[in-house]
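[1] Below are the sequence and a predicted model; questions follow.
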Amino acid sequence: MTYSILLIGQHGQVSTYLQRALSKQEGISKQEGMDLIVAGRDQIDLSKPDTVKAALRSFDVDLIINPAAYTAVDLAESEAEAAFAINSESVAEIAAFCAENSVSLIHYSTDYVFAGDAQTPYAETDPIGPTGVYGASKLAGEQAIINSQARAVILRTAWVYSNHGKNFYKTMLALSETRDELTVVADQIGAPTYAASIAEATRQIVSQLRQQGGIKPEQSGVYHFTCQGQTSWCDFAKAIFVENQITKMAVSPIATKDYPTPAQRPAYSVLDNSKLEKTFGVSLPHWGTALAQCAAETASSKDKP
């Protein structure tokens, strides 16, 4: 029997790589008995929560994957209503639909639910404390899913980058075309997480869900879901240039206080991923390994006519 999957969101970083990982073009859907349906904003508009359930009723699926989100961290400080509509209210509607129709849900959240004041990797059970609107809206979405009692896997990730969309990796490469020196924040610590790594690990989880007929009650809950290891934004920038063989760029450290932004960033965003590995036997690669894979993709894209 075919396992039918609805992917909400079409053009975001994670969605783009999920489509590649779960699509028939990759040979995975046919091999594993999966049918992937991708719904863009014209079909499911998360900025209009009151329309979400009706839109979902037009799909007959076993699993919903939702990587779509309001992710403009700084802009969210002045657009709280929009952030909460997409990240919380619409997520509540998705979760309610899943609970009412026995549909499994995979939803992505963020390290921003934490205050960022820890000194050791955050576990899923550690106290939460978002410091800005974005983190608060994503946390509200998590809580709505849990309160709905839908069978759901909530994957908290962080520092997501890729060759698609707007992200730190692409910004660094773009700046290297016009600059030969940069200052980058060095006192924020986290785990850069390649969107392709997120997609592949998700595919492995989805494969298990198909085989077992959905999410088991004991599997429902929050999981941390980042690449292994840790680094600073400054050292990540240096590694980006090294992996892409950009030798002319000089990168100097700067303190967060010297680079003010509307939203406060967590100083420490490292997440403990052991629960994920224990439950699903899945882990993402070390951030350095994943970065090398991303750089190889960058080089490959340049070679194409």
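    Arrived safely. Numbers count the residues shown, from 1 in each chain.
[2] Alpha carbons of stretch 223-241, in PDB - could you do that?
    What follows is stretch 223-241, C-alpha atoms only, in PDB (Å, rounded to 0.1, in the frame of the first residue of the first chain):
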ATOM      1  CA  TYR A 223      13.400  16.000  19.200                       C
ATOM      2  CA  HIS A 224      16.600  18.000  18.600                       C
ATOM      3  CA  PHE A 225      17.800  17.700  15.000                       C
ATOM      4  CA  THR A 226      21.000  19.400  14.100                       C
ATOM      5  CA  CYS A 227      24.400  18.500  12.600                       C
ATOM      6  CA  GLN A 228      27.000  17.300  15.100                       C
ATOM      7  CA  GLY A 229      29.700  19.400  16.700                       C
ATOM      8  CA  GLN A 230      29.700  23.200  17.300                       C
ATOM      9  CA  THR A 231      31.400  26.300  16.100                       C
ATOM     10  CA  SER A 232      31.000  30.100  16.000                       C
ATOM     11  CA  TRP A 233      29.600  32.200  13.100                       C
ATOM     12  CA  CYS A 234      33.100  33.500  12.600                       C
ATOM     13  CA  ASP A 235      34.700  30.100  12.300                       C
ATOM     14  CA  PHE A 236      31.800  28.900  10.200                       C
ATOM     15  CA  ALA A 237      32.500  31.700   7.800                       C
ATOM     16  CA  LYS A 238      36.200  30.800   7.600                       C
ATOM     17  CA  ALA A 239      35.300  27.200   6.900                       C
ATOM     18  CA  ILE A 240      32.900  28.200   4.100                       C
ATOM     19  CA  PHE A 241      35.700  30.100   2.400                       C
END
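[3] Isn't Tyr134 up against Ser78?
    No - counting by CB atoms under 8 Å, Tyr134 sits too far from Ser78 to count as a contact (11.6 Å). C-beta: built from backbone N, CA, C; applies to glycine.
[4] more crowded one of the two?
    Tyr134 (27 against 12; other CB atoms under 10 Å).
[5] Doesn't the more buried one lie inside a helix?
    Yes - assigned with DSSP: H, G, I helix; E, B strand; the rest coil, Tyr134 falls within a helix.
[6] Since that was my last question, I'll sign off now.
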